[in-house]
Structure formats: C-alpha cells, structure tokens
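In: Sequence plus predicted model, see below.
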Amino acid sequence: MSEVVHTDHHDDHDHGPEKGLLRWLYTTNHKDIGTLYLWFSFLMLLIGGALALVIRTELFQPGLQFIEPAFFNQMTTNHGLIMVFGAIMPAFVGLANWLIPMQVGAPDMALPRMNNLSFWILPFAFGMMISTFFMDGGGPNFGWTFYAPLSTTYGPPSTTYFIFAVHLMGASSIMGSINIIATILNMRAPGMTLMKMPLFVWTWLITAFLLIAVMPVLAGAVTMMLFDIHFGTSFFNAAGGGDPVMFQHIFWFFGHPEVYIMILPAFGIVSHILPAFARKPLFGYTSMVWAVASIAVLSFVVWAHHMFTVGMPLFGQAFFMGATMVIAIPTGVKVFNWIATMWRGSMTFETPMLFAVAFVILFTMGGFSGLMLAIVPADYQYHDTYFVVAHFHYVLVPGALFSIIAAVYFWFPKWTGKMYDESLGKLHFWLSFIGVNITFFPQHFSGLAGMPRRIPDYALQFADFNMISSVGAFIFGFSQLFFMYVLIKGIRSGKAADGLSWEGAKGLEWTLPSPAPYHSFTQPPKVS
Amino acid sequence: MSSRLEQQAGIAKTVKKLCLVLVGMVGFVFALVPIYDLFCEVTGLNGKTGGQYTYVESEMEADLSREVRVNFITNTNQGMNWEFWPEKGAIKVNPGTIHTVNFFVRNPSSIPTVGRAIPSVAPGLAAGYFHKTECFCFEQQLLAPGEVMEMPLRFIVGPEIPGDIKEISLSYALFDITEESADLIESFNNGISLAAAGR
C-alpha cells in the first residue's frame, strides 16, 4: 500500500503567527519559543540581580544594618539558584531554539510540541520556587549547593517545594536537550556534514549530551533528599549510617559538568562573533571542535576539586588536581584560536564585538583564578572564601552573561528586522564592563585576605573591598535595566535591518531576510 | 536527500537512543549509592570500620617489631546531652595483638534516652585494618535518668597494616535516637512499672 506524503501547505501562502496572547501559550514555533525563553531569562536575571543588590547593600558596610542573617542566607541561596537555573541556562536554550534550526537549514526543531512543554514548565517551576519566600520558615537558605544534612535535617519546611521545582527544571532541560540533539543529527540541510556545522551548533550538540548525562544525577540527589526528609531514610544522615560526604560527591558529579553546560554555548557564540567583526574566518575550526569535546569529556572526572577540604586521601586530591589542570589545555587552545582569528583582521568594534572581546579577556582571567583554585595546598587557603566567589563570577558574568548579551545584540536585527541604537549599545557595554570589574575584582583580594563566603557581616579589615564591590554592583545592576531600554527602543523604533545585517557575518541564517520569516527553510537550502 | 518520512524516522530513532541513555543515567544514579558504599568498604576511605570481627587467636600473627598509637576521641552530636568519655586518651599497640579499652556514658537528664555511637577512623586508609571484635557501636544503648554505663571496646590493629601508618584515630559520634526507639523506651518503662508493682 503506498503512502501519500502530504506536502507542506504553508509553502503556498506565508501566513504569520496567530493573533492574541494564546499564541504564546500554544506556539510550537522555534522562533516564538526562543523569544519566550529569552524574555523569561531576562526577567529571572533582573530578579536574581535584585537579590544580589540586597546582598551587596547589606555588605556595603560592616555590621548588620538592613536584614537578618536568616533572610540574608535566603538571598545568597536564591540569587545562585535563580541565576544558574533561571537566567543563564534558559537564555542559552532560547538562543539554541532561535538559532539552531536557522543555522542548519531546518524549518523548526525536531519535536515542536515537546519544545513548547519544555518552556512552559519553567515559569511554573520558578513560580513555585519563588513562592517559597512567602511560606512559613522562608525559602531555601542553605546555599545554591544545598548540602545535606543542612538542607534535609535543618532546612525550612519549604525545602520540599524546592525539590519539586528542581525536578521540573531538570525535566525541562532534559526534554530540551533531546530535542536539540534530534534536530542537529537529523535535520541538517543536505551537504552540511558534521564538520561543516557552525560552531554554535557544535557547542550546543555537546552541551545537550552533557545535560542528558547529568540532570538525572541532580534529580537523584534531590530525590534522596526528599526521602531523607519525609520517608525516614538516611542517605545523608550519619546517625542512620549514611554519609554527608556522599551528598557532595553526587551533587558535584552533576555540578561540575553543569558549569561547563553554562559556558560551552558561550564559546560557540564568541566563535561566531569574532570572525564576523574581524572579517576573517575562525582560526582552527577542527581544533575548536576537538577542544569543546575534550572539555566536555574531562568535565566528568574533576568533580572533587570542589571538595578538597572534606578529608579525601592525598592520592585522590592529587588526581583531581591534575585532571582539573588538564582542562586548561583545550580551553587554552580555544583562547589562542580566538586571538589568532582576530590577528591581522579588519576589525571594527560594534557592540557585539565589544562584548565578545571582553569575554575573551575576562573569561581568561576567571580561568586563571580557577587554575589557582585547582592547586590543592593553595585551595586549602582559598576554599569557601571570596576568592572562589570572584573566580566563578568572572567566568559566569563577563563570561557566560556577556556572551549572551553579545548574542542578543548580534542576532537582534535577524530576529526583529530592526537595528538597535549603536551608541546606546556601546554605552551599555562600557557601563557593564566597568561595573562588572569594580564589583568582582576586589573580591579576589578580600578572599585572599581571608573573607569567608556566605556571611552577612564581616571583620573590619575587609570593609574597603566590600564597599567598592557594592558600588560596582549597583552600576552593573542598573546598566542591565538600561539594556532593557536599548532593546525595547530598538524593537519599537529601530532602523530597518538588512538580511546580511553585519558585513562580515557568515552562516545560513544571514541568507534569510530580516526579520526572519515565521517559517523559514521550509525547503532545505543547498549547502556547498 | 532525505524525505520527510525518512527524517521523521531518523528523529524517532535518535529520540529512542537518547531515552535509553537517560534511563541508563537514572540507573547509574540509583547505583551510585551502593557503588559509593562498596568503594568506601573496599578502600575504607570514609572512615567506616565495618561490622564485628571474628578473632581467631591462632591465626593472628603479632608483630612485636613496631608500635601503632591509637587515639580515642568522643563527640556528642545533634544536641545529644549525654556525657561521653574514654578511659584513656590513647594507647600504643603492637599490630596483631588484641586490646580492650572502656568508654563511659552518663545520662544527666531526667528522662530515659537511647543513643547510638557511629565510629570513624582516620586516616581512612587505616580503617580497613582496624578490626573490632566487641564494640558498643554495634548496638544502641538505653540509659535511665542519671545512669552511668561502662562500654568495652575490644580491637586488633591488623598486622598487615602498611608500615607508614604509625598513628590511628578512632572517633565516636554519639547521636540521640530516642525518637526512633519508641519500642525500647516502652519496654524500659514496662520493666519499671513491673518492678514497682512487685514491691
């Protein structure tokens, strides 16, 4: 019996999206879903940022002036949780949704309806998590790493809702990753072999595998917590024969690949933007792909570098120190390749390029403090001090976040059909660049001087560094409100943009008109 | 050029494979707990010392050429209000010889409480060589108000212990498990009322 294959009716008349608000609830279109993820992540960035400003207000001067320590602990915990799970990760997924189908010449993602579910789980999960602030006993207050038994035996009653929220976010990430891999492996335009794929697509392919591998481990950790809290088990309770250190192993087995999940797509983005504005092809494509794959594989065998002080035997510490330092090699390959890309290029410094160049420099600085932390005897001094806080904020803020901002500016004309105001964009950049460095650079010094993490009040000798850091935080925080203004102004009244919005931009998405049609590549393009 | 049907079949295949990976990772995380316990048992790295050791005197070779110092550390945990102390802070032993050390607990409160002691040995690598033939940590203890109990520990430091381990610390953490031991408390109370009725 022969099958009748129905051609896509949409070829005949290009209808746009449905009208009204329900469009956003029911959409299966990768562009709409990408937009939803991006605006959601921006909202989470502002909320997480507000929590950070509460922290920095309290830390502006020594003494407890504004909030109770118990509330402060909720601020630090939720700032971390919201930024990691609500701002950075969904923003990268939003970029993946917008860009991957266009960059591989596909009409949409492989599983459009599951794509919709993946997004809509998130507002529900975060609504639940944020609502814990208003419950009896308050919200999570045990740090974003929620070590047991602090989180199980001594946590507030709302911890159970926190656990459910984590399960939901994990489900969303896993479904999104399955979708991304299925799209990349099956829907590339004919002629696009794996080694012809754009770097952003490569980094997301590898990131998606990391997510599928480690999100279940996080789910396992929080499920064991749930059982310890409610069903009388003793996974992490020594009195019952359990082991608190086991929690740390399980958590960081997830946690370390998680931080690479938060940076690999950034590497992909920068590998698109630098060649565009240097008007030179990316240096060393093959080694860039190899480097990302190596980093991903190595990320599974370094987790205990977060645990050097728990009483591990010496050979264990030596192994993890060595493996952690080895990751610097493929990372270094990437940094050198970016520099080589710019070398003797015809460079212009529009806003995306400013953020991308700042990424290369400042992420590398964050990497250096990471190398310092990898050295076991030195880490005994740095562990749980502000030196660690400075390290991860350098790789996450002028690292991951700057790459997301760079991507938004870079692809803005493709998504909206308009150009943002370049002078305002540059102003946003300089305010952010100056603000982020004033905020986090002094934290290296207060950490080296011995200031512990997660404290609402501190000894007097740390006062100056904290004051400077708080000033920087307000500059940086308010400049993100300015970013929102730049975006909205561009969307409403920006100048019309060309299909090839940037002279040096390469890739299939730039062959489409700007804004990209609601349905694009309904017929696959030919790739040479 | 793959047709739409081929593409959809390809997508379905990829999704199935990824779901298998997912199931595998879920299985892995379930397995993590016993794997962790097994790893710790084999290497001793979490300081746990395992269960009761059967001592056969004829099979044990004493190594009189060297001494290992064994320290005894007692802690009460999680609001446990008993007093807990060892008879001696430390002793020097020859590997392969059996020794007895007493520990004392006292319940200063006015209610009967049940406690459990969890041992931990440092360095972790020594834990596998620290054999206990009799230890109060094997069972929970009920103390009446004001009661003092003497609890013996009989142990051998195995003669196969590596030569570079010269000092071992055995630490006990005492936990209050009265809430989970309702049956013990009940039979204790019954015992009291029976004794009182008999007078």
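Out: Okay, I see it.
In: Quick one: name the residues of chain A near chain B.
Out: Taking CB under 8 Å from any CB of the partner chain, the part of chain A that reaches chain B is made up of A:3, A:5, A:110-111, A:153, A:174, A:177-178, A:181-182, A:185-187, A:190, A:212-214, A:216-217, A:219-221, A:224, A:235, A:238-239, A:241, A:243, A:245-246, A:249-250, A:253, A:311-313, A:316, A:524. C-beta: built from backbone N, CA, C; applies to glycine.
In: Narrow those residues to just the buried residues.
Out: A:110-111, A:174, A:177-178, A:181-182, A:185-187, A:212-214, A:216-217, A:219-221, A:224, A:235, A:238-239, A:243, A:245-246, A:249-250, A:253, A:312, A:316, A:524 (16 or more other CB atoms under 10 Å in any protein chain shown).
In: Which parts of chain B are helices?
Out: Remark: helices assigned in chain B by DSSP state H are B:4-43, B:182-198.
In: weakest of those helices in terms of mean pLDDT?
Out: Ranked by mean pLDDT, those end with helix B:182-198 in last place, scoring a mean of 79.
In: Quick one: mean pLDDT over stretch B:139-147.
Out: Stretch B:139-147 comes out at a mean pLDDT of 89.
In: Report pLDDT for the closest residue to chain B within the stretch 251-400 of chain A.
Out: Residue nearest to chain B within the stretch 251-400 of chain A: residue A:313 (5.8 Å; CB to the nearest CB). Note for residue A:313: predicted pLDDT of 85.
In: quick one: contacts for it?
Out: B:45, B:123, B:124, B:125 (CB atoms under 8 Å, 6 or more residues apart in numbering or on different chains).
In: winner for burial among the helices of chain B?
Out: helix B:4-43 (a mean of 14; mean count of other CB atoms under 10 Å in any protein chain shown).
In: Please name every helix or strand in contact with that one.
Out: Here helix B:4-43 touches helix A:159-186, helix A:199-230, helix A:244-261, going by 3 or more CB pairs under 8 Å, 6 or more residues apart in numbering or on different chains; DSSP states H and E.
In: where in chain A is pLDDT low?
Out: The model of chain A has pLDDT under 70 over residues A:1-16.
In: center of it, which residue is that?
Out: Against the mean C-alpha coordinate of chain A, by CA atoms, centre = their mean, the closest residue is residue A:88 at 3.0 Å.
In: Against residue A:402, how distant is that residue?
Out: Using CB to CB, to the nearest Å, we find residue A:88 at a distance of 11 Å from residue A:402.
In: Who are the contact partners of the residue lying closest to residue A:497 once chain neighbours are set aside?
Out: Spatial nearest neighbour of residue A:497, excluding adjacent residues (CB to CB, 6 or more residues apart in numbering or on different chains): residue A:413 at 3.4 Å. Residues near residue A:413 by CB under 8 Å, 6+ apart: A:419, A:497, A:498, A:501, A:502, A:514.
In: could you say which helix or strand contains residue A:413?
Out: For residue A:413, the element it lies in under DSSP states H and E is helix A:402-416.
In: Tell me how far residue B:156 lies from chain A.
Out: Going from residue B:156 to chain A by CB to the nearest CB, to the nearest Å gives 23 Å.
In: what about the residue nearest to the centre of chain A, which SS state?
Out: helix (DSSP: H, G, I helix; E, B strand; the rest coil).
In: pretty sure it is touching residue A:396, no?
Out: Yes: counting by CB atoms under 8 Å, residue A:88 touches residue A:396, with 6.8 Å between them.
In: and for those two, which residues touch both?
Out: Counting by CB under 8 Å, 6+ apart, the residues touching both residue A:88 and residue A:396 are residue A:262.
In: I'd like to know how many residues surround residue A:382.
Out: Neighbourhood size, residue A:382 [other CB atoms under 10 Å in any protein chain shown]: 21.
In: Check residue A:310 too.
Out: Residues lying near residue A:310 (other CB under 10 Å) number 14.
In: now the nearest residue to it once chain neighbours are set aside: how far from residue A:428?
Out: With CB to CB, 6+ apart as the criterion, residue A:310 has its nearest non-adjacent residue at 5.4 Å, and that residue is residue A:245. Residue A:245 sits 44 Å away from residue A:428, going by CB to CB.
In: so the strand or helix carrying residue A:482 versus helix A:402-416, what angle?
Out: Per DSSP H and E: residue A:482 is located in helix A:463-493. Angle, helix A:463-493 to helix A:402-416, by axes from the mean of the first three to the mean of the last three CA atoms, to 10 degrees: 10 degrees.
In: Which strands or helices does the helix or strand following helix A:463-493 pack on?
Out: Using DSSP H and E, the helix or strand that follows helix A:463-493 towards the C-terminus is strand A:495-496. The helices and strands touching strand A:495-496, judged by 3+ CB pairs under 8 Å, 6+ apart, are strand A:418-419.
In: Adjacent strands (with direction) for the strand it packs on?
Out: According to DSSP bridges, strand A:418-419 forms sheet pairs with strand A:495-496 (antiparallel).
In: hmm, who's touching the partner strand?
Out: In contact with strand A:495-496 (CB under 8 Å, 6+ apart) are residues A:417, A:418, A:419, A:514.
In: what two of the contacts of residue A:313 are the furthest from one another?
Out: Maximum pairwise distance in those, criterion CB to CB, is 9.3 Å, between B:45 and B:123.
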